[in-house]
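[1] okay, structure incoming, though there's no sequence with it:
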């Protein structure tokens, strides 16, 4: 596998390799997800179980009235879930991603992958760098979101000034351009975590920009297909679960299990695509030189003396 990876890969090859690694290291991936995300999901199940039960009860939905009933879910629960979600994203997701990056790196080098606990320990050694760079990336995304809202506001004003079909077409084109710009910069900057995990840079944002040069469409296609595949699985499984009579807690637990199953897929694809970017950036040539040039520590044959 190592020699195949040491050359640039297309979208199909990266997807195929991602699924191979997912199947081969399924247990370790699940342990990483359970250790980091399990407690959060369990708390989420406990505070939302009653709400989901109300959603599954068709009679309650049909008889629900705004005038004589309490809200289906209280604002306090919404705030608590959002705070827990933000905490998990910024505190634990960098560790999860870095652990899977280390796992994929070891596997593609032909080495035996460490245990899940060892992978997590390796990631926590770089925790503050991972957290700091994640905060920087979060601020960049926040700026992009603000710019996106401003763009939509301006487009709304322009579409009102240019009424009719032309205004609608103009609004659509500008909206597509604004969304494309958001995803363009997000993809170009998002490879900071592997860079920081491998100690190549303290922040990694600039390095990520350089690595993804001329690779946007390939990466966009990879993640679009991967997310589409995950969405189809989640939607189909959720639809089938909704047809089976069950209480809210059980439904949420099954949803939790489904999320843990599909979650690592996108992270593995992310790690594989980072390896491809490194190959394109010269990692293949560098390792080839290391194999060709003899190790100075090895004894060298005596030089021949010529007259």
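    Okay, I see it. Since the model is a prediction, treat every value here as computed from it, not as a measurement.
[2] for the chain, which spans come out with low pLDDT?
    Where the chain drops to pLDDT under 70, the residues are 1-6, 45-78, 163, 248, 283-307.
[3] what about the helices in it?
    For the chain, applying DSSP state H gives helices covering 2-5, 11-24, 26-56, 58-62, 75-91, 93-108, 116-124, 127-161, 164-189, 192-197, 205-211, 216-243, 248-278, 284-292.
[4] tell me which of the ones you listed sits most buried.
    Compared across the helices of the chain, helix 192-197 shows the largest average neighbour count, a mean of 26 (mean count of other CB atoms under 10 Å). C-betas here are computed from N, CA, C, even on glycine.
[5] centre of the chain versus that one, how much separation?
    Chain-centre distance of helix 192-197: 13 Å, with CA atoms, centre = their mean, to the nearest Å.
[6] how about stretch 162-177?
    Using CA atoms, centre = their mean, the offset of stretch 162-177 from its chain centre is 32 Å.
[7] contacts for that stretch, please.
    151-152, 155-156, 158-161 (CB atoms under 8 Å, 6 or more residues apart in numbering).
[8] cutoff 10 Å now
    With CB atoms under 10 Å, 6 or more residues apart in numbering as the test, stretch 162-177 has contacts from 148, 151-152, 154-156, 158-161.
[9] same check on stretch 206-221?
    Against stretch 206-221 from outside (CB under 10 Å, 6+ apart): 8-12, 14-15, 133, 137, 180, 183-185, 187-196, 200-201, 204, 222, 269-270, 273-274, 276-278, 280-281.
[10] make TSV out of the contacts of stretch 162-177 and add distance to residue 80.
    Formatted as TSV, the contacts of stretch 162-177 follow (distance: CB to CB, whole Å):
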residue	distance to residue 80
148	27
151	32
152	30
154	36
155	35
156	34
158	40
159	39
160	40
161	44
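[11] now the two most distant members of those.
    Maximum pairwise distance in those, criterion CB to CB, is 20.7 Å, between 148 and 161.
[12] how about residue 11, what does it touch?
    217-226, 269, 273, 276.
[13] relative to residue 220, how far out is it?
    From residue 11 across to residue 220, the span is 9 Å (CB to CB, to the nearest Å).
[14] cool, residue 133 as well?
    22 Å.
[15] what of residue 26?
    Taking CB to CB, one finds residue 26 at 27 Å from residue 220.
[16] cool, residue 147 as well?
    19 Å.
[17] what of residue 157?
    30 Å.
[18] before we move on, what about residue 253?
    Counting by CB to CB, the gap from residue 253 to residue 220 is 34 Å.
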